[in-house]
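Student: Here's a sequence, model it:
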Amino acid sequence: MGPDGLNYYTIKKREPVSQFSIDYQEALNAAQYEVATSLQGPLLVVAGAGSGKTRTLIYRLARLIESGIPPENILLLTFTRKAAQEMLKRAALLMDDRCEKIAGGTFHSVANQILRKHGGLIGLDPSFTILDRPDSEEVIQLLRHTLGLSEKKRRFPKKGTILEMISASRNRNLPLEEIVFSGYEHFSHELESLARLKELYAQYKEQKQLADYDDLLVKWLELMKRFPEVRDQLGRLYKYIMVDEYQDTNVLQSEIVKALAFTHRHLMAVGDDAQSIYSFRGASFQNMFDFSRDFPESRLLTLRENYRSHQKILDLANQVIEQAALKHEKTLTSRKKEGPLPVLVQAPDENLQSRFICQKILELREEGIPLEEIAVLFRSSYHSFDLEVELAKYNIPFQKMGGMKFVETAHIKDVLAYLRVVQNPKDAVGWSRILLLLDGIGVKTGQRIIQILLNAGNLSEGLEQMGQEKEKPLRPLFSLIEAIEPLAPPDQIARVIDYYFPILREKYDDYPKRLKDIEHLKTLSERHRSLDLFLADIMLHPPDENFPVFGPTDPQVGAKMTGEKEDERMVLSTIHSAKGLEWQAVFIIWLLDGKFPSIHSIEKGEELEEERRLFYVAVTRAKEKLFLSYPINIYDHRTGTVLSKPSRFLDSIPPEFLEEWTLVPEEGPASF
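Tutor: Alright, predicted model coming up:
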């Protein structure tokens, strides 16, 4: 109360109530915060290795939702379904289950959904069958034979090579002639036949309502170009688009993204040109540099702070990529300043390199680094063969990244073929596979039966037209197909197992193991309501990307070494398979000119630059310890030359960035 007896008051400024439940500034560094809160217009984000890109994307998804954007209007495009699922799950944990309603998936899975709905406009039946690579190769082989190109005396490309040419032509949007002359010059005299084969392949798929992986993208883009109303409808649905790993997109995917964002321009592309290593799949890191041309009003933001490695490893990585001919400028930094220098190891020969690695792995294990936190990376799979032998001698358990894909194994493809002909009776590839499993039916007879089936109105009519000679072996098969048509996928597979088991037992000595694989397939089918959804899912997102190859080990020694975790194994991996992964200790082997970079890329500028980026990716997988090694004076049987020069990628690295070791063999095993 004042001296005049009146009550006084003070004015307190009212703090605005934030509409956001998440403290974005507290959770993110300054650069990440700017990315997460930049919601409008085109935006290119250059995200350095280990810079918290996924975390930033998750917070941006949450920010969009908290800003009032309906989740169904957001599209997240990734290169694996696992990546999309992980981001949406983590975003939901960060905020709430609205994030799970965001449309997320791979380019191919989104294309499949759109084409099932709108594909009729361009002549694609909603029940079309998706071909994987082995299926496509079988079609190529059939057409190759039809054109008389399978003569043994004729040096015509193999089915896999032909498919690579056709796929490269479509993914890069280049004439087949240009693809042939740029990488397959030795087959240029067959250009006319190859062009005819490409044309027949397209016709065959159209007639049989088949689509390979390239078709999903080609036809999605065709749909939007020919029918602008569909493009605009998709643009209204997906008003905010986020594309991950933009450096790995090809020309088709870039065009699709531009078409989707045509009306609203709310597009964010995230990637790192320094980690573009998939040109053999058609990826073009040029898309990263063309973004500002395609979207002149776009902004460029960069994430430089690395949360994976200590600074001494990053200093080496920065030196490696500094020599790149074309790059977005960035220097990776870490708050972890201390750590051991990366080590460069020179070995007299390959075997001593392998023995050194085995001994070092044992030492690291004794220091407390788990085996699964140790990896050996290499340019090509065969580079690890000698090391695999030594690991077995030392009883060090290992897992090699690679192997055959689950859905590409013969027994799984057999079972899926029965389901495919139910889904799409015109699927000649599926029919061929299951007919050839029958006694007395060869390729010619099988093709004749398929033609009768495709011309007939239904299975019963087809059976009648074949006559008595073929009716007996075919009747059980046709009865199976008719019986499983109305069933749900798990019940369909159960009936197929009953029918297929005698064939499985006859074909394979390890049939019990293969039967378990088929039973696993049945379990996977239980989450799907329809056959269409199940087959699309299993083809676009195969489970267990690859079957790992496990190294032999004495169970007692392995158990003793790994303590309580008897399944603990160190990792062998090509660098391509290691992208996106990380380990405490990493070995990069065979850093020898002619091996890494490969001898085929040394004289080719673009390929040599990709090899440099591959080395950069390998270096940035290490968190704490990094070992680079090479043997000297190696005779290469593939080229007939002696390789003795360390990789040219090491030439530009100042000596203060590496600790150099030289291995000197002594008496007794593993003495250096």
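Student: contacts and neighbour counts: CA atoms only from here.
Tutor: Noted.
Student: Need the residues that contact the top strand by length along the chain.
Tutor: Ranked by residue count and defined by DSSP state E, the top strand of the chain is strand 622-631. With contacts defined as C-alpha atoms under 8 Å, 6 or more residues apart in numbering, strand 622-631 is touched by 308-310, 313, 339-350, 353, 582-592, 619, 644, 646.
Student: What about those, which are in helices?
Tutor: Among the contacts of strand 622-631, the members falling in helices (DSSP state H) are 313, 350, 353, 619.
Student: ok, and the most crowded of those residues?
Tutor: The most crowded member of the ones in helices among the contacts of strand 622-631, judged by other C-alpha atoms under 10 Å, is residue 313 (29 neighbours).
Student: Was I right to think it contacts residue 338?
Tutor: No: taking contacts as C-alpha atoms under 8 Å, residue 313 lies outside contact range of residue 338: 10.0 Å.
Student: The longest strand of the chain pairs with which strands, parallel or anti?
Tutor: strand 343-347 (parallel), strand 583-588 (parallel) (DSSP bridges).
Student: what about residue 435, how many residues close to it?
Tutor: Residue 435, neighbours per other C-alpha under 10 Å, totals 22.
Student: Please name the residues that touch it.
Tutor: 441, 446.
Student: which regions of this structure lie under the pLDDT threshold?
Tutor: The model of the chain has pLDDT under 70 over residues 1-18, 152-153, 402-404, 457-460, 462-464, 466-472, 543-566, 635-642, 666-672.
Student: now stretch 522-535, how far from the chain's geometric center?
Tutor: 22 Å (C-alpha atoms, centre = their mean, to the nearest Å).
Student: just stretch 571-586 next, same as before
Tutor: Remark: stretch 571-586 is offset 14 Å from the chain centroid, using C-alpha atoms, centre = their mean.
Student: nearest to residue 33, of the strands paired with strand 622-631?
Tutor: strand 583-588 (27.2 Å; C-alpha to C-alpha).
Student: coming back round to it: return the member of the ones in helices among the contacts of strand 622-631 nearest to residue 405.
Tutor: Distances from residue 405 to these, taken by C-alpha to C-alpha, are shortest for residue 619, at 27.2 Å.
Student: show me the contacts for the closest one.
Tutor: 313, 316, 317, 588, 626.
Student: The same query, at a cut-off of 7 Å, please.
Tutor: Neighbouring residues of residue 619 by C-alpha atoms under 7 Å, 6 or more residues apart in numbering: residue 317.
Student: Same question for residue 412.
Tutor: Counting by C-alpha under 7 Å, 6+ apart, residue 412 has contacts residue 518.
Student: picking up where we left off before, tell me the one of the ones in helices among the contacts of strand 622-631 nearest residue 266?
Tutor: Looking across the ones in helices among the contacts of strand 622-631 and measuring by C-alpha to C-alpha, the closest to residue 266 is residue 619, at 34.4 Å.
Student: out of the strands paired with strand 622-631, which comes closest to residue 388?
Tutor: strand 583-588 (14.0 Å).
Student: Run through who's touching that closest one.
Tutor: 373-378, 621-629.
Student: Show me which positions of stretch 519-527 end up buried.
Tutor: Within stretch 519-527, the residues that qualify as buried are 519, 521, 522, 524, 525, counting by 16 or more other C-alpha atoms under 10 Å.
Student: before we move on, the earlier item: just the buried subset of the contacts of strand 583-588, please.
Tutor: Applying 16+ other C-alpha under 10 Å to the contacts of strand 583-588 flags 373-378, 621-629 as buried.
Student: re the thing from before, out of the ones in helices among the contacts of strand 622-631, which two sit at the greatest distance?
Tutor: So, the ones in helices among the contacts of strand 622-631 by C-alpha to C-alpha: farthest apart are 313 and 350, at 25.1 Å.
Student: Relative to residue 628, how far out is residue 334?
Tutor: Separation of residue 334 from residue 628 (C-alpha to C-alpha, to the nearest Å) stands at 21 Å.
Student: Quick check: which of the strands paired with strand 622-631 is buried the most?
Tutor: Of all the strands paired with strand 622-631, strand 583-588 carries the top mean neighbour count, a mean of 23, counting by mean count of other C-alpha atoms under 10 Å.
Student: Might you calculate how far it sits from the centre of the chain?
Tutor: 22 Å.
Student: Then stretch 75-82?
Tutor: With C-alpha atoms, centre = their mean, you get 11 Å for stretch 75-82.
Student: outside of it, which residues touch it?
Tutor: Here stretch 75-82 has contacts from 84, 102-107, 238, 240-245, 541, using C-alpha under 7 Å, 6+ apart.
Student: again with stretch 305-321
Tutor: 49-52, 274, 331-334, 336-339, 341-342, 613, 616, 619-620, 622-624, 649, 653, 657.
Student: Pull out the CA atoms of that stretch and give them to me as CSV.
Tutor: The C-alpha trace of stretch 305-321 is given here as CSV (Å, rounded to 0.1, in the frame of the first residue of the first chain):
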residue,chain,number,x,y,z
GLU,A,305,29.0,-32.1,-36.3
ASN,A,306,29.7,-35.8,-36.1
TYR,A,307,28.5,-37.8,-33.1
ARG,A,308,30.1,-41.2,-34.0
SER,A,309,33.9,-40.8,-34.3
HIS,A,310,36.6,-38.9,-32.4
GLN,A,311,38.3,-36.0,-34.2
LYS,A,312,41.4,-37.8,-35.2
ILE,A,313,39.4,-40.3,-37.3
LEU,A,314,37.4,-37.4,-38.8
ASP,A,315,40.6,-35.5,-39.6
LEU,A,316,41.6,-38.4,-41.8
ALA,A,317,38.1,-38.6,-43.4
ASN,A,318,38.3,-34.9,-44.2
GLN,A,319,41.6,-35.3,-45.8
VAL,A,320,40.3,-38.2,-48.0
ILE,A,321,37.2,-36.3,-49.3
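Student: What is the burial count for the closest residue to residue 239 other than its chain neighbours?
Tutor: Distance criterion C-alpha to C-alpha, 6 or more residues apart in numbering; nearest residue to residue 239, sequence neighbours excluded, is residue 73 at 5.3 Å. For residue 73, the neighbour count with other C-alpha under 10 Å is 19.
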